[in-house]
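**Student:** this is a predicted model, with the sequence first.
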Amino acid sequence: RNLVLHHFANGYSAVNGCRQNETICVIFIFVALSPDFSWSKEVQAKLCSVFQLSNFRPLQRAAINLSMSGKDLFLVMPTGRGKSLCYQLPALCSKGFTLVIAPLVSLMEDQLMYLKSVDVPAVTLNASSTKEDSKHVLAGMIDKNSPFKLLYVTPEKIAKSKLLMSKLDKAYNMGLLTRIAVDEVHCCSQWGHDFRPDYKLLGILKRQFPKVPLVGLTATATSNVLKDCQKILCVQEPITLTAPFNRPNLYYEVRFKDNEDCTDQIAQMIRERYKNQSGIVYVFSQKDAAAVATDLQKKNILAQPYHANMEPSDKSLVHQRWSSKKIQVVVATVAFGMGIDKADVRFVIHHTISKSIENYYQESGRAGRDDGSADCIVFFGFADIFRISTMVVMENTGQQKLQNMVAYCQNVDRCRRAMMAIHFDEVWNDDECNQMCDVCRHGNDYITMDITKHARDVVTIVEMASSMDEKLTPLKVCDAWLGKGPAKHRKTIKVTSLSRLEVESVIIHLLLHGYFSEDFSFTPYTTHFYLKLGRKAALLKNGNHSITMKMRRRVMSPATVSQSINSAEVFIFHMQAVPPADSDDKKSFLRRRTKKYSSFIPYSQNKSM
Ligand SMILES: Nc1ncnc2c1ncn2[C@@H]1O[C@H](COP(=O)(O)OP(=O)(O)OP(=O)(O)O)[C@@H](O)[C@H]1O
């Protein structure tokens with residue numbers, strides 16, 4: 001047991017979400033790490049001769065051995081680490097065939113193309129299969145000589161095709177249905193980031209074929225999501241293998257959008273820093289995909305849009321052109337995702353924040369699959385928060401997940417990996433980041449501000465509006481506070497001296513901490529987001545209540561920096577010099593220095609790669 005724990009402690013693997021006795025689970029995995037099973041020689045030989053790989057990556061051997069020995073398994077492994085091998089190799093080393101459930105036809109086609117290239121017989125049954133193909137596949141399922149080793153189907157097919165279920169039944173009774181693999185298993189759970197209703201019906205597989213081992217694969221699932229998947233799939237006591245979530249080669253950074261459009265900045269980065277390198281720019285909507293791609297093209301960048309509303313042939317053309325480096329950048333909505341297996345993606349830039357940390361981890365994880373360094377940069381814009389908030393308004397935990405993503409972006413003092421680790425139930429030691437996030441690299445780039453007075457002022461604006469039966473969008477609150485609102489309000493409002501970015505940061509802080517909350521209003525065509533007083537707003541009536549927030553120096557105007565004169569660390573960290581004793585000199589000294597902060601060199605350009 002100590003040996004196993006030592007192995008885990010060194011990052012090779014981890015176990016969680018196990019309902020079994022932990023010791024038994026650990027022993028299973030310990031045993032599974034052994035290279036001495038009856039199938040081990042064949043597995044090793046086919047790894048080299050068929051898949052042309054020389055070694056297993058962490059957890060692959062354990063997953064394959066557990067699956068070969070008939071255990072039900074959940075495998076949580078970061079995107080691009082080689083989950084597919086964990087069911088493809090066992091399929092090849094067993095009699096009969098493995099049934100693979102995958103969410104997208106395009107994903108299956110990519111897999112089939114790959115398997116064909118390595119001579120592994122695999123077929124698919126989906127809505128676009130011809131009659132002839134379907135007939136051939138259905139006959140093959142009950143052929144003792146198994147003409148294929150893997151059968152890919154969509155969950156819809158399982159739910160809708162009685163013919164398929166009856167053939168599976170026959171194959172089961174003949175002992176030919178050897179294994180079931182459920183790819184992107186988190187799609188079963190409504191709590192996951194990509195729920196698909198047809199996945200909910202997959203419990204039928206374990207109920208009908210209880211003796212067939214099932215492996216569920218995903219790149220991102222919290223233990224709660226996995227528990228939900230276990231229930232939905234009717235799997236009694238699966239072993240869960242969780243690879244460490246960390247991708248040490250990815251550099252995480254958040255940049256503030258200081259005006260609504262950050263496309264110029266993105267274009268500059270692509271032309272200079274990422275010259276001739278492949279990447280993805282994720283955007284919020286189909287309209288944004290087209291607009292940003294056009295903007296980049298105008299700047300002589302080979303970019304093309306990709307979104308769900310395009311013809312399938314156009315989508316695969318963009319994918320192919322990008323994979324073969326005919327274009328440099330895909331400007332995509334989240335529709336460009338599952339099944340993207342390009343190894344040398346050097347940057348994933350989010351033009352708009354993702355709707356949750358899980359989504360962000362997954363989307364940004366498409367960078368650096370070859371283990372080379374890659375950048376994951378997200379542009380954090382005030383207005384985007386509310387666009388996304390109205391989009392996820394019907395989702396169960398949509399607002400909470402979005403708030404976590406916003407907190408990730410607003411954060412200035414915690415390692416970004418540490419923030420992600422919380423979502424994957426991992427304990428993270430910040431030292432291990434190795435300065436591969438903007439916070440760890442520029443850790444002291446923030447000031448703690450007392451924002452109590454500011455909070456009172458802005459809360460009063462919303463309170464006043466509400467007493468006049470007026471609803472204010474967050475943008476209107478900003479404008480009003482900056483003295484730019486309708487003339488009738490100006491006399492009563494205490495205009496702030498904060499800059500626009502500071503105003504936005506304070507409002508976000510108050511929203512995240514319950515001083516404001518969201519107030520949605522629905523019309524037949526759209527959903528509006530208004531700010532209303534939150535559960536903690538009343539605390540501000542108490543003279544002793546105070547609120548502090550940490551803010552990046554770069555975001556702060558000279559006025560604010562000098563307001564937070566308590567920030568002796570400003571002098572120590574940045575100036576490495578003793579500030580003038582005289583307070584006027586001190587202020588002008590600060591002003592000079594702050595000017596410098598606002599012209600910070602972008603982080604990723606600052607790093608040596
Ligand atoms: N042991 C290995 N050694 C080297 N490369 C490997 C190994 N196993 C898998 N790979 C390669 O890693 C790449 C990603 O594999 P795969 O598509 O299975 O990842 P994945 O974990 O399923 O990712 P996703 O979550 O995006 O579906 C493939 O190109 C595959 O050939």
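**Tutor:** Received, thanks. Residues are numbered from 1 along each chain as shown.
**Student:** excluding chain neighbours, what is closest to the residue in the stretch 251-400 of the chain that the ligand sits nearest to?
**Tutor:** Proximity of the stretch 251-400 of the chain to the ligand (CB to the nearest ligand atom) peaks at residue 341, 4.8 Å away. (Glycine included, C-beta is placed from N, CA and C.) Spatially, and ignoring its direct neighbours in sequence, residue 341 is nearest to residue 110 (6.7 Å; CB to CB, 6 or more residues apart in numbering).
**Student:** tell me how many other residues crowd the one you found.
**Tutor:** 19 (other CB atoms under 10 Å).
**Student:** repeat that for residue 530.
**Tutor:** Residue neighbour count, defined by other CB under 10 Å, stands at 21 for residue 530.
**Student:** OK, contacts around it?
**Tutor:** For residue 530, the set of contacting residues under the criterion of CB atoms under 8 Å, 6 or more residues apart in numbering consists of 471-473, 518-521.
**Student:** can you select the buried ones from the residues you listed in PyMOL?
**Tutor:** Command for PyMOL, covering only those of the contacts of residue 530 found buried under the criterion 16 or more other CB atoms under 10 Å:
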select buried, resi 472+518+519
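**Student:** show me the two of the contacts of residue 530 that sit farthest apart.
**Tutor:** Using CB to CB, these reach their maximum pairwise distance at 472 and 520, which is 13.6 Å.
**Student:** show the average pLDDT along stretch 497-514.
**Tutor:** Computed over stretch 497-514, the mean pLDDT rounds to 94.
**Student:** thinking again about what came up before, residue 164: which of the contacts of residue 530 is nearest?
**Tutor:** Out of the contacts of residue 530, the member with the shortest distance to residue 164 (by CB to CB) is residue 520, at 42.1 Å.
**Student:** quick check: beta-bridge partners of the closest one?
**Tutor:** The residues paired with residue 520 through beta bridges, assigned by DSSP bridges, are residue 529.
**Student:** so it is in contact with residue 526, correct?
**Tutor:** No. Here residue 520 does not reach residue 526: they are 10.6 Å apart, not a contact under CB atoms under 8 Å.
**Student:** any residues in contact with both of the two?
**Tutor:** With contacts defined as CB under 8 Å, 6+ apart, the residues adjacent to both residue 520 and residue 526 are residue 390.
**Student:** grab the nearest non-local neighbour of the residue in the stretch 151-300 of the chain positioned nearest to the ligand.
**Tutor:** Of all residues in the stretch 151-300 of the chain, the one sitting closest to the ligand is residue 219 (4.1 Å; CB to the nearest ligand atom). Closest residue to residue 219 in three dimensions, ignoring its sequence neighbours and counting by CB to CB, 6+ apart: residue 79, at 4.1 Å.
**Student:** can you tell me the SS state at the one you found?
**Tutor:** Per DSSP: H, G, I helix; E, B strand; the rest coil, the local secondary structure of residue 79 is coil.
**Student:** what's the burial count for residue 492?
**Tutor:** Residue 492: 10 surrounding residues under other CB under 10 Å.
**Student:** residues contacting whatever residue of the stretch 451-600 of the chain ends up closest to the ligand?
**Tutor:** In the stretch 451-600 of the chain, the residue found nearest to the ligand is residue 512; the distance is 30.3 Å by CB to the nearest ligand atom. Contacts of residue 512 were listed using CB under 8 Å, 6+ apart, and they are 403, 406-407, 410.
**Student:** near the ligand, which residues of the stretch 301-450 of the chain?
**Tutor:** Residues of the stretch 301-450 of the chain lying close to the ligand (CB under 6 Å from any ligand atom) are residue 341.
**Student:** what ranges does the stretch 151-300 of the chain have for its strands?
**Tutor:** 177-182, 214-218, 239-242, 250-256, 278-282 (DSSP state E, counting those that start in this stretch).
**Student:** counting by contacts, list what the fourth one packs against.
**Tutor:** Read it as strand 250-256. Applying 3 or more CB pairs under 8 Å, 6 or more residues apart in numbering; DSSP states H and E, one finds that strand 250-256 contacts strand 374-380, helix 416-423, helix 438-441, helix 603-606.
**Student:** and these, which is most packed in?
**Tutor:** Mean neighbour counts were compared across these using mean count of other CB atoms under 10 Å; the top stretch is strand 374-380, at a mean of 25.
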